[in-house]
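> Dropping a prediction and its sequence here:
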Amino acid sequence: EAIKLGSTAIGIQTSEGVVIAVEKRLTSPLLEPSSIEKIMEVDSHLGCAMSGLTADARTLIEQARVETQNHRFTYNEPMSLEACTQALCDIMLRFGEGENTMSRPFGVALLLAGVDENGPALFHTDPSGTYVKYEAKAIGSGSEGAQTNLQDSYNKSMSLKEAETLALSTLKQVMEEKINSTNVEIGAVPIATGRFRIYSAAELEEVISRL
């Protein structure tokens, strides 16, 4: 339920890398836009977009960061995307059994995007602890319309640039406000660098100008 109310987030996987884009809901003109974090880095090769209860997402991402660092420390290699997603979903299942139980499930859906030894990948997790790999996925309040749009417009041979444009044009359709560089956020993992980064305001403007 929390996710149905959450802000829309979109992930698109291409052969050149993965893009995640989110809408930031600015509920008040006095709100400082940079304080809303909807996209976070988990590890240098792995980023995450969220929809739902942001505080729950923070707890999960904190855990994911510990997992990925432990993995690097133990095996001297970056953690694969699926292993990290699996670890997160194990945590999501922890409510209701054992000693230190949580009183409720995590009210958040995540899109995990990254590049590992198997190439670029995009995973979607939901509060039930189920994870699925997607080529393009929308979560949040506008997800139904957005997913339909992605199904119509996505093709496997897209470039990373086209994916950025598709992600933002899809958000544009489902957002109530006019899209600008303060109310959306984009992160990407290009296969060329294998590093996750969040776009600056200037880069966002450049993508918006292509719409």
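Everything's here; your move.
> Please make it C-alpha for all contacts and neighbour counts, starting now.
OK.
> Quick check: closest non-adjacent residue to the residue nearest the centre of the chain.
Nearest to the geometric centre of the chain sits residue 49, at 2.2 Å (C-alpha atoms, centre = their mean). In this structure, residue 49 finds its nearest non-sequential neighbour in residue 39, 4.5 Å apart by C-alpha to C-alpha, 6 or more residues apart in numbering.
> shouldn't the residue nearest to the centre of the chain be in contact with residue 114?
No - the criterion here is C-alpha atoms under 8 Å, and residue 49 misses it with residue 114 at 11.3 Å.
> rewinding a little: what's across from the residue nearest to the centre of the chain in the sheet?
residue 39, residue 111 (DSSP bridges).
> ok, now which ones touch it?
9, 10, 20, 21, 22, 38, 39, 40, 110, 111, 112 (C-alpha atoms under 8 Å, 6 or more residues apart in numbering).
> farthest-separated two in these?
The most widely separated members of the contacts of residue 49, counting by C-alpha to C-alpha, are 10 and 40 (13.9 Å).
> More neighbours: these two, which one.
Between residue 10 and residue 40, counted using other C-alpha atoms under 10 Å, the more crowded position is residue 10 (29 against 19).
> which residue ranges form the helices in this protein?
Using DSSP state H, the helices of the chain run over 2-5, 54-75, 81-92, 143-153, 160-174, 201-209.
> weakest of the ones you listed by average pLDDT?
Looking at those, the lowest mean pLDDT belongs to helix 2-5 (a mean of 82).
> who's in contact with that one?
Contacts for helix 2-5 (C-alpha under 8 Å, 6+ apart): 51, 52, 53, 107, 108, 109, 139, 140, 141.
> how about it: buried residues?
Of the residues in helix 2-5, 2, 3, 4 count as buried by neighbour count, 16 or more other C-alpha atoms under 10 Å.
> mind checking how far the second one is from residue 57?
Right, residue 3. Noted for residue 3: a distance of 11 Å to residue 57, by C-alpha to C-alpha, to the nearest Å.
> Now the common contact residues for those two.
108, 109.
> Surely residue 51 is in contact with residue 1?
No - in this structure, residue 51 is not within contact of residue 1 by C-alpha under 8 Å, at 10.9 Å.
> Which one of those two is surrounded by more residues?
Higher neighbour count among residue 51 and residue 1: residue 51, with 29 against 10, using other C-alpha under 10 Å.
> so how far is residue 177 from that one?
Taken as C-alpha to C-alpha, the span from residue 51 to residue 177 is 18 Å.
> just residue 117 next, same as before
In terms of C-alpha to C-alpha, residue 117 sits 39 Å off from residue 177.
> Could you do residue 22 as well?
From residue 22 to residue 177 the distance is 13 Å (C-alpha to C-alpha).
> how about the nearest residue to residue 149, chain neighbours excluded?
Per C-alpha to C-alpha, 6+ apart, closest to residue 149 is residue 170, 6.6 Å.
> and the one you found, how many residues sit next to it?
25.
> again, but for the one 3 residues further on
Per other C-alpha under 10 Å, the neighbour tally for residue 173 reads 15.
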